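Colleague: Sequence first, then the predicted structure, then my questions.
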Amino acid sequence: MQPEAEDVARYLKANPEFFEQYAEMLAEIFVPHPHGGRAIPISERQIVTLREKNRALEDKLRELVQFGQENDSIIDRLHRITLAMMMAGELDTLLASLYYNLREDFSVPHVAMRLWAEGGWERPEFGSISQEVRVFTESLTNPYCSPHPMFETTSWFGDDGSALRSFAYVPLRTEQAFGLLALGSEDVQRFYPEMGTLYLKRLGELVSVALAKFLKA
């Protein structure tokens, strides 16, 4: 009765000295090349396997380095936008700085915001808001990304709204929600439901704290 392949594998794993005792025999064993039909010595097959593993590790390392560089870049941009908002002495300056930095640093040209707070401000951000938008904002614990605009928010972007194909909605709140920051893009892949929203959440927190200085929610 011939042993099963699993039995042979278990034996070799449990007896690594086998490879030392029968080194000459191993040099005579040929196996198929993983990328061709020719047979190669088992030792060469091991080298091929190690090279492939090494390439996979190098690819993973390059990927991690790239992610690290991208994260560093985002952190730098968040730092700049934070400083700009902190330096703003009035609401108009704060909003101008926010929109400028989102456009120039984050390449988000389509930005809209609605705020429901007292103060008698005559700005588009304090325009009328439906109850659905307020309820939607209150329900958000994290930013929400979608290929479709929520409720009447398309009109917030003016004439550009009809050309937008992806949206990110960032709730603004302190103890309770007092506004909604909306970002739009013509690129359907710019904001999508499965994307990570950590930095959008951080942005929302920064904007919320900066606005709270000027608003009475």
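Modeller: Yep, that arrived. Numbering: from 1, shown residues only.

Colleague: CA atoms for contacts and neighbours, from now on please.
Modeller: Fine.

Colleague: got the residue ranges for the strands in the chain?
Modeller: 30-32, 39-41, 110-115, 144-146, 166-173, 177-185 (DSSP state E).

Colleague: could I get those strands as CSV with mean pLDDT and distance to residue 193?
Modeller: As requested, the strands of the chain are arranged in CSV below (pLDDT from 0 to 100; distance: least, C-alpha to C-alpha, whole Å):
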stretch, mean pLDDT, distance to residue 193
strand 30-32, 61, 45
strand 39-41, 60, 49
strand 110-115, 96, 19
strand 144-146, 97, 5
strand 166-173, 97, 9
strand 177-185, 96, 14
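
Colleague: Packed most tightly, which of the ones you listed would that be?
Modeller: strand 166-173 (a mean of 26; mean count of other C-alpha atoms under 10 Å).

Colleague: now for the strands of the chain, which one comes closest to residue 47?
Modeller: Nearest to residue 47 among these is strand 39-41 (10.0 Å), distances taken as C-alpha to C-alpha.

Colleague: on that earlier part again, I'd like the strands of the chain laid out as JSON lines, including distance to residue 132.
Modeller: Converted to JSON lines, the strands of the chain look like this (distance: least, C-alpha to C-alpha, whole Å):
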{"stretch": "strand 30-32", "distance to residue 132": "65"}
{"stretch": "strand 39-41", "distance to residue 132": "69"}
{"stretch": "strand 110-115", "distance to residue 132": "13"}
{"stretch": "strand 144-146", "distance to residue 132": "15"}
{"stretch": "strand 166-173", "distance to residue 132": "14"}
{"stretch": "strand 177-185", "distance to residue 132": "12"}
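
Colleague: How is this protein divided into domains?
Modeller: 22-87, 89-212 (automatic domain parsing).

Colleague: In the protein, where's the longest helix?
Modeller: helix 42-87 (DSSP state H).

Colleague: So which other helices or strands are in contact with it?
Modeller: helix 23-27, strand 30-32, helix 91-104, helix 198-212 (3 or more C-alpha pairs under 8 Å, 6 or more residues apart in numbering; DSSP states H and E).

Colleague: what's the offset of the last one from the middle of its chain?
Modeller: It refers to helix 198-212. With C-alpha atoms, centre = their mean, to the nearest Å as the basis, helix 198-212 stands 16 Å off its chain's centre.

Colleague: Name the residues of that helix that are buried.
Modeller: Using 16 or more other C-alpha atoms under 10 Å as the test for burial, helix 198-212 gives 200-201, 203-208, 210-211.

Colleague: Give me the helices and strands touching that helix, please.
Modeller: Using 3+ C-alpha pairs under 8 Å, 6+ apart: helix 198-212 touches helix 42-87, helix 91-104, strand 166-173.

Colleague: Give me whichever of the ones you listed is most buried.
Modeller: strand 166-173 (a mean of 26).

Colleague: would you turn the buried residues of helix 198-212 into TSV with pLDDT and distance to residue 193?
Modeller: Converted to TSV, these look like this (pLDDT from 0 to 100; distance: C-alpha to C-alpha, whole Å):
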residue	pLDDT	distance to residue 193
200	96	13
201	96	14
203	96	18
204	96	17
205	95	20
206	95	22
207	96	22
208	95	23
210	94	27
211	93	27
